[in-house]
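> Give the three-dimensional model of this entry:
(one chain, ligands or ions: 1)
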Amino acid sequence: MELTASRAMPGHGWVLAACLLLLMGLFAALVSATQLRPGESLPVEVQPRSDGVVQLRFELPAQVTTRWALWFPREPVSRLQLVAADGWRSETLQFFSVGADEGILPAGYAFLLPRDAHGPMTLEAEMAGGLHGSLRPVLAQATDVRRVERSGVALAAAVYGGLLALAALALALAHASRDRLFIGFFGFTVALVLLLQAMNGHLYGLPGVRFFGLWQLQGVSALTVLHAAAALWLIEAYAMHGRGYRHARLVRGLGIGLIALAAVFLLNLPWLAQVSQAVSASGWTLAGLAVLCMLVDAGRRGVPMAWTLTAATAFSVLAGVWISLSRHGLAPNGPLLHFGYQGTAVAFALVLALSLTHRIGDYRNQRDRDRLARQDTERRMRREAARADLSTALQTQLNGLDPGEIPWQGFRLLMDHLLPLVPTESCIAVLRGYQGRDHLLVEPSDALPSVEHEINHRGLTLRRQAVAGLALQQPVRASAGGPAVAMEALVPFQMRAPGWGVLLLRRAGGDGFTTEEMSVIGELARVVQLHVDQAAAAVKLRRSAEIDALTGTMNRRTIDLWIGRTFTDAERSGRPVSVLFIDLDHFKSVNDRYGHACGDDCLRAVSTALRSVLSDADMFGRYGGEEFIAVLPGRDGAEARAVGERMRTAVENCEVRHETQRVRLTVSIGIATRQRGEDAPAAAVARADKALYAAKRQGRNCVQVAPAVFS
Ligand SMILES: Nc1nc2c(ncn2[C@@H]2O[C@H](COP(=O)(O)OP(=O)(O)OP(=O)(O)O)[C@@H](O)[C@H]2O)c(=O)[nH]1
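This next block holds a predicted model:
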């Protein structure tokens, strides 16, 4: 089975769009809550002076019904204090050190004006740390300022909470998947949270990390470039997943440069303080552009979510650059832009998180592929084990069987090994004319009578299907045209015509056999047939080594083997054994006169005539050329002479017909009987040979029995 790795999850785009819309809606609601409604604030005239002091002019209502406050968004000025001409001084607020009464996530600097303040007022805002362009004072009633502060806290909490939730998710995914990419995402998110906290001035009020305020703006710069390096590494790993990026070395070099820059910022060198912001903003922008290039390249290659990430990155870079410029008074500023940057950063992190969930789909596909591969391996191993088991069983159990029993036993073993692998209701092996015999094997065996009838009925069709040689599946119907009650797998055996055979397996219901099952059936059937053919051929070969090809009687090798055993048995039992040597008379002249083919016919005819005289207990064979031998266990010399005489007569009366010729032959016979103490045949054979020689000398066509000692 082939798996296509689905890169995108179904409905993923909709989930993403819905999440983003929800997030943006939440941000819009929270940001609007941080704004004062029209009429809630009074105008303030801002006049920066060359000595760094900013003059603020405004007019409070004459009626003192409520307390007024001046509120500044929390920008990174190191110190801020308001001074009135009459000597009134506000408390001093610092960006890098949050006072205990400012709360944990202050959104701005709030100064309560004197209780009785009314009419026109001029205040001087003394600040250190630059960034005058970002000073946007808001004059409102103290209760409204507190509400704006509370909304700011809620917005910041939502931003940090969302990002920290994504960081926790990244850690969980990293643990589950052991993919370094999720650790990268965790690092990216944590760096983003720290950066936003540092930029919003929240980091310096948190217990445990307050000390970070020591680095002042250089700390913010270090976090800026670290965040840029994390984004660079993460996007390179995500977008270039499994494939080298053309400019990978450049990107890595930039990343290492940014980390080195962060280390330099953390040295807190005084001369760097002035330029750290500009340098870090440039590094951040450069990294953003590199990320954009990689994402565009990835988008072109069809990496999922690459275009969405490109859009989110472009927004983030633009917002970041804009904020940087506006802080230096080079671009218009506004709360929406400030908070919008935070929203864009969170949206970017969310899009990235959703993009990374594609990896989960990849893992799932990979796991499915692994599982399928494992199942496939297990199946192959089971199949291989079954094949090996069957081969071993066939090798041991077919050995030494009668040729007629070999196919039956072989196909019985096939069923025994096949049925546990391919569960079926019934299994039938039909063999016709296979090695000269018909076989029908049925499992379960009590179905044999009905199967026999059915197979006879289907004989012609089955034969046609067997000869076609194609394994197939077909429905089995209870009646012609009726519904299918079972599926039948038909696997033909490859047999030499006119023999044919098929294996039929039936499975109840409509469930057919899988391709794998059909293949296993075919493979095991082939294995069995191979072994059966080999076993039958081996028997044939063994027989041909024992039998004389011309006469079909034992050959000399077999006779030598058996005569030795007969003599050993006779010595043990004390019974007599006689050996007869029979030689055709003047056979050379038969060959010369009628030809060799006629001579062969004569040898066959004489062999049959001689054998006809002997009993089953006697041994007979061709000893070589025109010489035969007979071994008669339990017969003494007199009995052997009588047998020899009958043999001689049988040949004498035999007329061999070859084409138009009629040939008559005679034989001379020499006989010897085992003597006491002889447990080997050599001496008796030699005496029989001498007796034969004597018979030839006597004039042939006669029988001579060897005396104990020839003179
Ligand atoms: N056609 C045929 N002839 C064979 C075969 N084996 C041996 N012969 C022949 O048997 C003949 C044996 O001849 P000889 O040993 O001279 O004996 P003989 O002619 O039978 O004469 P005597 O044994 O003395 O009676 C030879 O001509 C062999 O060629 C065989 O397998 N087929």
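
> Give me the number of neighbouring residues for Arg369.
Using other C-beta atoms under 10 Å, Arg369 is surrounded by 14 other residues. Any C-beta I mention is one placed from the backbone N, CA and C, and that applies to glycine too.

> Read off the pLDDT value for it.
On pLDDT, Arg369 comes in at 93.

> got it, and the one 3 residues further on?
What the model reports for Leu372 is a pLDDT of 93.

> Give me the neighbour count for it.
There are 13 residues near Leu372, going by other C-beta under 10 Å.

> which helices and strands sit right next to the one helix or strand it maps to?
Counting by DSSP states H and E, the element that carries Leu372 is helix 335-398. Where contact means 3 or more C-beta pairs under 8 Å, 6 or more residues apart in numbering; DSSP states H and E, helix 335-398 is packed against helix 12-33, helix 142-177, helix 180-200, helix 216-239, helix 306-327, helix 406-418, helix 515-546.

> Low-confidence stretches in the stretch 301-450 of the chain?
327-329, 333-340 (pLDDT under 70).

> Residue in it with the shortest distance to the ligand?
Pro403 (27.2 Å; C-beta to the nearest ligand atom).

> what sits against that residue?
Contact partners of Pro403, counting by C-beta atoms under 8 Å, 6 or more residues apart in numbering, are Gln435, Ala536, Val539, Lys540.

> Gly184 now?
Ala230, Trp233, Leu234, Ala237 are the contacts of Gly184 under C-beta under 8 Å, 6+ apart.

> Among the residues you listed, list the two that are farthest apart in space.
Pairwise distances among these were taken by C-beta to C-beta; the largest, 10.8 Å, belongs to Ala230 and Ala237.

> Dihedrals phi and psi, Gly670?
phi -110, psi 130 (degrees, to the nearest 10).

> now the one 10 residues further on
For Ala680, the backbone dihedrals (degrees, to the nearest 10) come out as phi -130, psi 150.

> Nearest spatial neighbour of it, chain-adjacent residues omitted?
Nearest residue to Ala680, sequence neighbours excluded (C-beta to C-beta, 6 or more residues apart in numbering): Phe567, at 5.8 Å.

> how close does that neighbour sit to the ligand?
27 Å (C-beta to the nearest ligand atom, to the nearest Å).

> wait, doesn't Gly644 sit right on Val579?
No: applying C-beta atoms under 8 Å, one finds Gly644 not in contact with Val579, separated by 10.7 Å.

> so what sits against both of those two?
Joint contacts of Gly644 and Val579 (C-beta under 8 Å, 6+ apart) are Ile671.

> still on that earlier bit, what would the contacts of Gly184 look like in a markdown table with distance to the ligand?
Supplementary listing: the contacts of Gly184 in a markdown table, determined by distance: C-beta to the nearest ligand atom, whole Å:
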| residue | distance to the ligand |
| --- | --- |
| Ala230 | 99 |
| Trp233 | 94 |
| Leu234 | 94 |
| Ala237 | 88 |
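
> Make CSV from those residues and add neighbour count and pLDDT to it.
Formatted as CSV, these follow (neighbours: other C-beta atoms under 10 Å; pLDDT from 0 to 100):
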residue, neighbour count, pLDDT
Ala230, 24, 94
Trp233, 22, 90
Leu234, 23, 90
Ala237, 15, 85
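
> How about the residue of the chain found nearest the ligand, nearest residue that isn't a chain neighbour?
Proximity of the chain to the ligand (C-beta to the nearest ligand atom) peaks at Gly599, 2.4 Å away. The shortest distance from Gly599 to any non-neighbouring residue, by C-beta to C-beta, 6+ apart, is to Asn591 (4.2 Å).

> Could you verify that the one you found is part of a strand?
No: according to DSSP: H, G, I helix; E, B strand; the rest coil, Asn591 belongs to no strand; its state is helix.

> returning to what we had before: which element, helix or strand, includes the residue of the chain closest to the ligand?
helix 596-613.

> what packs against the helix or strand following that helix?
As assigned by DSSP H and E, the chain's next helix or strand after helix 596-613 is strand 619-624. On a contact count with 3+ C-beta pairs under 8 Å, 6+ apart, strand 619-624 meets helix 556-573, helix 596-613, strand 627-633.

> Pull the contacting residues for the residue lying closest to Leu292 once chain neighbours are set aside.
Spatial nearest neighbour of Leu292, chain neighbours left out: Thr313 (5.4 Å); criterion: C-beta to C-beta, 6+ apart. Thr313 makes contacts with Ile235, Gly288, Val291, Leu292, Leu295, Phe348, as judged by C-beta under 8 Å, 6+ apart.

> count of residues packed around the last one?
If I follow you right, that is Phe348. 23.

> Tell me who's in contact with it.
Leu309, Ala312, Thr313, Phe315, Ser316.

> for the contacts of Pro403, which one is nearest Ala142?
Ala536 (110.6 Å).

> Make sure the closest one is actually in contact with Gly436.
No: under the criterion of C-beta under 8 Å, Ala536 makes no contact with Gly436, lying 9.7 Å away.

> For the two, indicate the residue with more neighbours.
More crowded of Ala536 and Gly436, by other C-beta under 10 Å: Ala536, with 20 against 10.

> what's near enough to touch the closest residue to Asn653 other than its chain neighbours?
In space, and not counting its chain neighbours, Asn653 is closest to Ala609: 8.0 Å by C-beta to C-beta, 6+ apart. Counting by C-beta under 8 Å, 6+ apart, Ala609 touches Met647, Ala650, Val651, Asn653, Cys654.
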